[in-house]
Every structure is written in structure tokens, then in C-alpha cells.
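> The sequence and its predicted three-dimensional model are supplied below.
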Amino acid sequence: MNSYFVIALSALFVALAVGSSLDLSDEQKNLAKQHREQCSDEVNLTEEERAKVNAKDFKNPTENIKCFANCFFEKVGTLKDGELQESVVLEKLGALIGEEKTKAALEKCRSIKGENKCDTASKLHECFESFKPAPEAKA
């Protein structure tokens with residue numbers, strides 16, 4: 001695995017997780033933005049859907065937003081043809097949130113399947129959200 005996956009998986013949390021406490025480099029933030037823009041165009045998000053994605057609002061997602069999640073996960077390598085790539089998740093997410101927390105997330109989320117690739121990606125996002133780091137309190 002190369003550093004692209006570390007950057008991409010880190011970027012995943014910026015693009016999809018609300019209030020993540022992960023410190024990302026400018027390169028990681030730029031990569032997340034690039035993937036967000038590419039996937040927004042590829043799945044033809046409406047202006048309203050783009051606004052929801054930019055606001056990190058993934059509650060009650062439209063089919064386009066579900067397909068956006070699939071596109072994004074495919075670009076970062078955590079999904080391939082609707083299948084969770086556990087080794088990528090364990091190696092890269094483990095470095096960010098810890099191996100034990102990542103294993104717990106995989107245990108809970110690995111069997112999730114939706115009606116199609118887009119639905120699976122959306123459901124996986126929802127599952128993994130419960131394992132993201134809590135926002136750090138500002139003093």
C-alpha cells in the first residue's frame with residue numbers, strides 16, 4: 001500500500017464525517033476536495049444535493065448521495081465493486097483511530113449489504129460514523 005491510501009482514507013473522514021477531530025494536512029484536505037468534486041460530477045448531484053454533501057448532511061440521503069458515497073469510497077480504496085476492502089480499512093484506519101477501534105468497527109460493519117452498491121456504501125458510512133473520534137472540546 002502506498003501513501004495515497006493513507007491520504008485518501010484520512011480525506012474520507014474530512015469529506016464524510018461531521019466534526020472529525022483528525023488533524024489532516026493540506027494535501028489530505030485537497031485530495032478530499034478533489035474526490036468530492038469528481039464524485040459530485042460523476043453522479044450528477046443537484047445543487048441541493050451538493051449543498052447537503054458540503055454541509056456533511058448524510059441523513060435521509062437521496063439515491064444520488066448514496067452513489068456519491070460509493071464513488072468516494074471506491075476512490076479511496078475502502079470499497080471495490082460494492083465489497084468492503086477490510087485490509088485497506090484495517091491498515092489505514094487503524095493508523096488513525098487505533099487498531100482495536102478499527103477491528104471493532106469492522107466486526108460491526110463488515111456484513112452490511114444494501115440493495116445495490118450505492119445503498120451499501122451509504123449504510124457502511126452510517127455504520128462507520130459511530131466509530132469516528134469525538135470532536136475535541138475547545139478550551
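Received it, and whenever you're ready, just let me know what you need. Keep in mind that what you see is a predicted model, and the values were worked out from it rather than measured.
> Report the residue spans of the chain with pLDDT below the cut-off.
Regions of the chain meeting the criterion pLDDT under 70 cover residues 1-25, 28, 133-139.
> Can you show me the helices along it?
Under the criterion DSSP state H, the chain contains helices at 3-16, 26-42, 47-54, 63-76, 86-88, 94-97, 99-109, 117-129.
> then the last one to PDB, C-alphas only?
What it means is helix 117-129. C-alpha atoms of helix 117-129 as PDB (Å, rounded to 0.1, in the frame of the first residue of the first chain):
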ATOM      1  CA  LYS A 117     -23.600  -0.700  -4.400                       C
ATOM      2  CA  CYS A 118     -24.800   2.800  -3.600                       C
ATOM      3  CA  ASP A 119     -27.100   1.700  -0.800                       C
ATOM      4  CA  THR A 120     -24.300  -0.500   0.700                       C
ATOM      5  CA  ALA A 121     -21.900   2.500   0.700                       C
ATOM      6  CA  SER A 122     -24.400   4.700   2.400                       C
ATOM      7  CA  LYS A 123     -25.100   2.000   5.100                       C
ATOM      8  CA  LEU A 124     -21.400   1.400   5.600                       C
ATOM      9  CA  HIS A 125     -20.800   5.200   6.000                       C
ATOM     10  CA  GLU A 126     -23.600   5.300   8.700                       C
ATOM     11  CA  CYS A 127     -22.100   2.300  10.500                       C
ATOM     12  CA  PHE A 128     -18.500   3.600  10.500                       C
ATOM     13  CA  GLU A 129     -19.700   7.000  11.600                       C
END
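> hang on, the earlier thing: highest average neighbour count across the helices of the chain?
Mean neighbour count (mean count of other CB atoms under 10 Å) peaks for helix 63-76 among those, with a mean of 23. Yep, even glycine has a C-beta here, placed from its N, CA and C like the rest.
> Just the CA trace of that helix, in CSV.
Coordinates of each C-alpha in helix 63-76 appear next as CSV, following Å, rounded to 0.1, in the frame of the first residue of the first chain:
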residue,chain,number,x,y,z
GLU,A,63,-30.0,7.9,-4.4
ASN,A,64,-27.5,10.3,-5.8
ILE,A,65,-26.0,11.0,-2.4
LYS,A,66,-25.8,7.2,-1.8
CYS,A,67,-24.0,6.9,-5.1
PHE,A,68,-21.7,9.8,-4.2
ALA,A,69,-20.7,7.8,-1.1
ASN,A,70,-20.0,4.7,-3.2
CYS,A,71,-17.9,6.8,-5.6
PHE,A,72,-15.9,8.4,-2.8
PHE,A,73,-15.3,5.0,-1.0
GLU,A,74,-14.2,3.5,-4.4
LYS,A,75,-11.7,6.4,-5.0
VAL,A,76,-10.1,6.0,-1.5
